[in-house]
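*Asks:* Let me see the structure of the following:
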Amino acid sequence: MTTASDLAIPSVLKPLAGRIMDADSHEYTPVNLWEEQFGAVVRPFVEAHENSKMPIRAFVAADDSAVDADSVWNTKFARAPGAFDLSRRLEVMDLTGVNRQLVFPGSIGLYATSFYFRCEAFPDMYRSIGGDRKAYALELISAYNDFCIRSARQSDRLRTVGVALANDVDALYAEVRRMVDGGVRAVWIPSAALPGGLSPAHPRLDPVWDLLQAANAPV
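*Replies:* Residues are numbered from 1 along each chain as shown. Below you'll find the model as predicted:
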């Protein structure tokens, strides 16, 4: 059990330990572990990143950095403790006095969303991926949401944020319903898209907002 003397936070914050809410953290699985984390569907996306220079492409064998004050505050990206093994993320939260944490996409969920919006206008983006590229991006996002559902079942303290993106209202409702039923308690609607292709104020979206309100799930 973490004691007050063990906490890796300033003394002025220690009385708040166990009540702190972290509203902006990220999952960050390295490319070499995408298939293990998210399933076989991501394999073409892994291959498309073979020559990438982005930090997420750097090989990381395991989420095994020490959970201590130095690593928690100074180690970044996939080498940070708890970056992609969310059971270890709970240890980091204990050390920093955090009760609950919103965990936003940082790997497949984020990169697939970017691909979804750019794949038609930029054919050279991940050009090894052919066929219906937008449909494939949505498959990747669904795989990420599966991960969010699994993670939500690990602990009520982990609020993994699913991606609510679909081509029409019915599909959007179905995916949000699937996430909420699976335990996800926060969703991200990318600002580059109208939800289900409609204004957020459109009456056809009322069932989506009602569903999220009933689940006490922020958007």
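
*Asks:* Check what contacts stretch 50-67 and list those residues.
*Replies:* For stretch 50-67, contacts defined as C-beta atoms under 8 Å, 6 or more residues apart in numbering pick out 28-33, 49, 71, 75-85, 88, 91-92, 95, 106-107, 111. Yep, even glycine has a C-beta here, placed from its N, CA and C like the rest.

*Asks:* Are any of the residues you listed buried, and if so which?
*Replies:* 28-33, 49, 71, 78-85, 88, 92, 95, 106-107, 111 (16 or more other C-beta atoms under 10 Å).

*Asks:* Just give me the neighbour total for the closest residue in space to Phe117 that isn't next to it in sequence.
*Replies:* Among residues not flanking Phe117 along the chain, Ala192 sits closest, at 5.1 Å (C-beta to C-beta, 6 or more residues apart in numbering). For Ala192, the neighbour count with other C-beta atoms under 10 Å is 11.

*Asks:* isn't Ala192 right up against Ala121?
*Replies:* No - between Ala192 and Ala121 there is no contact under C-beta atoms under 8 Å: 11.8 Å.

*Asks:* what's the spacing between the residue lying closest to Gly183 once chain neighbours are set aside and Asp146?
*Replies:* Excluding the flanking residues, the one nearest Gly183 by C-beta to C-beta, 6+ apart is Ala152, at 3.7 Å. Separation of Ala152 from Asp146 (C-beta to C-beta, to the nearest Å): 11 Å.

*Asks:* Contact partners for the residue nearest the centre of the chain?
*Replies:* Closest to where the C-alpha atoms of the chain average out (C-alpha atoms, centre = their mean) is Pro105, at 2.5 Å. Pro105 makes contact with 26-27, 113, 144, 161, 163, 188, according to C-beta under 8 Å, 6+ apart.
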